[in-house]
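Peer 1: compute the structure for the input listed below.
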Amino acid sequence: MKFTIDGYDIVPFIGENGITWQANGIDSPDAGRTQDMTMYRGLLGYKAKCQVACLWMEKADALTLLQHLMPEYVTVVTDTIPWINGEWTMTMYSNNLAATCLTEYTDGTKLYGDVEFPLVER
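Peer 2: Numbering: from 1, shown residues only. Prediction:
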């Protein structure tokens, strides 16, 4: 399995719920129904979107991972897209980064859970 964000390998952090992929159809501006209720879609193509759920991790790992998602656009290389055979490279963006601070150990180490984020193809 391969999944990198700007060259940073996130596979070690992918959790039990993994990566949920979605193909969003992009229709032409002329898409719609006519008065006889016939649908004219005018499909132009698809854009990929995914939701990534991560394992629990220490703050240093969460900080590094989430900082890789902060640029306006990132380059994602993956072979996990179910409708594509082989590796795919795309420009994507992320928003709504989430992480829950679960606990802090006596040595000051913080543990984060529920680290998840969307990636949307540009």
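Peer 1: only C-alpha atoms from now on, for both contacts and neighbour counts.
Peer 2: OK.
Peer 1: residues in contact with the closest residue to residue 72 other than its chain neighbours?
Peer 2: In this structure, residue 72 finds its nearest non-sequential neighbour in residue 93, 6.2 Å apart by CA to CA, 6 or more residues apart in numbering. Residues in contact with residue 93, defined by CA atoms under 8 Å, 6 or more residues apart in numbering, are 69, 71, 72, 73, 74, 119, 120, 121, 122.
Peer 1: for the residue in the chain sticking out farthest from the centre, what are its contacts?
Peer 2: In the chain, the greatest distance from the average C-alpha position (CA atoms, centre = their mean) is reached by residue 36, at 39.6 Å. The contact partners of residue 36, taken as CA under 8 Å, 6+ apart, number zero.
Peer 1: do residue 28 as well
Peer 2: By CA under 8 Å, 6+ apart, the contact set of residue 28 is 41, 42, 43, 44.
Peer 1: and what of residue 40?
Peer 2: Residue 40 makes contacts with 30, 31, 32, 33, 34, as judged by CA under 8 Å, 6+ apart.
Peer 1: could you dump these to a markdown table with pLDDT and secondary structure?
Peer 2: Below are the contacts of residue 40 laid out as a markdown table (pLDDT from 0 to 100; DSSP: H, G, I helix; E, B strand; the rest coil):
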| residue | pLDDT | secondary structure |
| --- | --- | --- |
| 30 | 87 | coil |
| 31 | 89 | coil |
| 32 | 89 | strand |
| 33 | 89 | strand |
| 34 | 90 | coil |
